[in-house]
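Sharing a model prediction with you, sequence too.
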Amino acid sequence: MNFKKIKKNDIVKVLAGKDLGKTGKILEIDREKGKVIVEGVAIVKKTKKKNNQNPNGAIVDTESSIDISNVMVVCPSCKKATRVTISIIKDEKKRVCKKCKGVIDY
């Protein structure tokens, strides 16, 4: 699949799953597996082993990965979740919003 239209630090909206409708920034992308980690979405609890900083161990909330097909880029100009096209503007490839034709590259 072609995942070039989503980049790290994009603001995305979740389209499916338990966090339906939430928005957040992309922290990490795994293009081989087709997964993304979005800030504040798909929170799971993980246990930490005992060490010098945590002598009793700890339970920590972390973000889990979700499928890349379940997120959609939010356009910064129209503030709506939109599909993205790639256009050539002044001899440069830019990502463009399908709804308002605004440039998405930050």
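The structure has been received and is ready for your questions.

Am I right that N51 is in a strand?
No - using DSSP: H, G, I helix; E, B strand; the rest coil, the assignment for N51 is coil, not a strand.

I'd like the distance from it to V60, if you could.
13 Å (CB to CB, to the nearest Å). (Each C-beta comes from the backbone N, C-alpha and C, glycine too.)

Over to V12?
For V12, the distance to V60 - CB to CB - is 24 Å.

Name the residue in these two with the higher neighbour count.
V12 (23 against 11; other CB atoms under 10 Å).

Let me know the helix or strand that that one is in.
Counting by DSSP states H and E, the element that carries V12 is strand 11-14.

For the helix or strand just after that strand, name the packing helices and strands.
Downstream of strand 11-14, the next assigned helix or strand under DSSP H and E is strand 23-30. Secondary-structure packing of strand 23-30 (3 or more CB pairs under 8 Å, 6 or more residues apart in numbering; DSSP states H and E): strand 11-14, strand 35-38.
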